[in-house]
Structure formats: C-alpha cells, structure tokens
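> Need a 3D model of the sequence below.
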Amino acid sequence: MLTIHRVHAVRRAADGVPAPGHAVVVSGDRIEAIGPYEELYERYGERARVREWDGVLTPGRHEPDGTAYLEAAYHPDPREAGDLGTAPLTGDALTALGMTGTRWGASARRGVQRLLATGTTSLTGPFTHPAVRTAVARSGLRERPLPLSSGAHADFAVFGEDGACLVTVLGGRLVHRGR
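Reported below is the predicted structural model:
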C-alpha cells in the first residue's frame, strides 16, 4: 500500500536544509518519491493513504554507541520499577542482577523501544551478545544513517518543533508513534 507522509518540511540528510511543503511517498519498505505534497498527491493520491504529521521528517537520529546502550546496561521492565527504578542499570548494579540470555534479550528489546521513541533509525555496534544481536536485527535498525532518496529504505522520523519524536518509521513500518 502506498502512504504519503505529509509534514511541514522534509530534510533529506541529517544536516540538510529542510524543504518546506514537501512530503514522502512510501511503497512497502522503500521510499517511492519525495517532493512537493501537492505534486505527490496529484500523482499518488487516488491510490495512497495520507498520514499528516505536525513536524519535520528527517532520516532520524543515529546512536553512535549502541553497544554501550544495549550491552553494558540493563533496561528494567516496568514491573521491576519498584525494586530497580526505571533508569538503565550499569556497573555493579548490572553485575548484581545475574543476567541470563533471556533477561539480556528482554532488556535489549526495551532498550531498542526507548531508542525508537527518540527517533533513532540507526546505531553502531558491534553487538557480541547473541540475544542483543537478535533484538537489534529484528528491530529493523540500520548500522548507519542513510539520506532519504527515491528507492532507499523507508527509514525516517518526524520531529515536532520542540524536538520531540512524533513518529519513527523503519522499513516502511510505523514502529513508534508519540503524542
């Protein structure tokens, strides 16, 4: 299914200049087209659903130290908040938990969800723990940020004026929706 993501502006590269009034058309897991919304709607509107976001669409954020974030920290389950708090645990607190493969996998999945909620679309490894490697592979996160272009993977985020992530899309799938 085709989806037109209508936003205030599109920034093709993280450090690029925003193009006001532009939109992005997604077909499956790829970007079909980028351009002025009116032109894209005229070309695809009859076949596409339109999603409107109140922000700027970008390639998303890059986490340069994904290994430390996911393999050197435990992201507590909300049910553990009373005992462990909600912040990631590191150092001696992490060692005291007696981590198992299952616990590492669950922690990595929660860590990935936290990254997606910030508009992260890529992160740097390497990931040596099998459960963490699996969680990252299944998430759809890429190893490096890619500019937005026709034919590229549909990986992007939309940020509001206050910098908050409104939506994160990986491989054409909506994986996080904020406020």
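
> For the rest of this, base every contact and every neighbour count on C-alpha atoms.
OK.

> Now the helix of greatest length in the chain - C-alpha only, PDB.
The longest helix of the chain (DSSP state H) is helix 101-117. Extracted C-alpha coordinates of helix 101-117, given in PDB (Å, rounded to 0.1, in the frame of the first residue of the first chain):
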ATOM      1  CA  GLY A 101      20.300 -14.700  28.000                       C
ATOM      2  CA  THR A 102      16.600 -14.300  28.300                       C
ATOM      3  CA  ARG A 103      17.000 -11.300  30.500                       C
ATOM      4  CA  TRP A 104      19.500  -9.700  28.100                       C
ATOM      5  CA  GLY A 105      17.100 -10.200  25.200                       C
ATOM      6  CA  ALA A 106      14.200  -8.600  27.100                       C
ATOM      7  CA  SER A 107      16.400  -5.700  28.200                       C
ATOM      8  CA  ALA A 108      17.700  -5.200  24.600                       C
ATOM      9  CA  ARG A 109      14.100  -5.100  23.300                       C
ATOM     10  CA  ARG A 110      13.200  -2.500  25.800                       C
ATOM     11  CA  GLY A 111      16.300  -0.500  25.100                       C
ATOM     12  CA  VAL A 112      15.500  -0.600  21.300                       C
ATOM     13  CA  GLN A 113      12.000   0.600  22.100                       C
ATOM     14  CA  ARG A 114      13.400   3.600  24.000                       C
ATOM     15  CA  LEU A 115      15.700   4.400  21.100                       C
ATOM     16  CA  LEU A 116      12.800   4.200  18.600                       C
ATOM     17  CA  ALA A 117      10.800   6.600  20.900                       C
END
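
> isn't there a helix covering residue 87?
No - counting by DSSP: H, G, I helix; E, B strand; the rest coil, residue 87 is not found in a helix; it is coil.

> Next, the contact list for it, please.
Contact criterion Cα atoms under 8 Å, 6 or more residues apart in numbering gives 75, 76 as the residues in contact with residue 87.

> right, and residue 57 touches residue 155 too?
No - using Cα atoms under 8 Å, residue 57 is not in contact with residue 155, being 10.3 Å away.

> Tell me which of the two has more neighbours.
residue 57 (32 against 29; other Cα atoms under 10 Å).

> What count of nearby residues applies to residue 68?
By other Cα under 10 Å, neighbour count at residue 68 equals 14.

> Need the per-residue pLDDT for it.
At residue 68, the pLDDT value in this model is 90.
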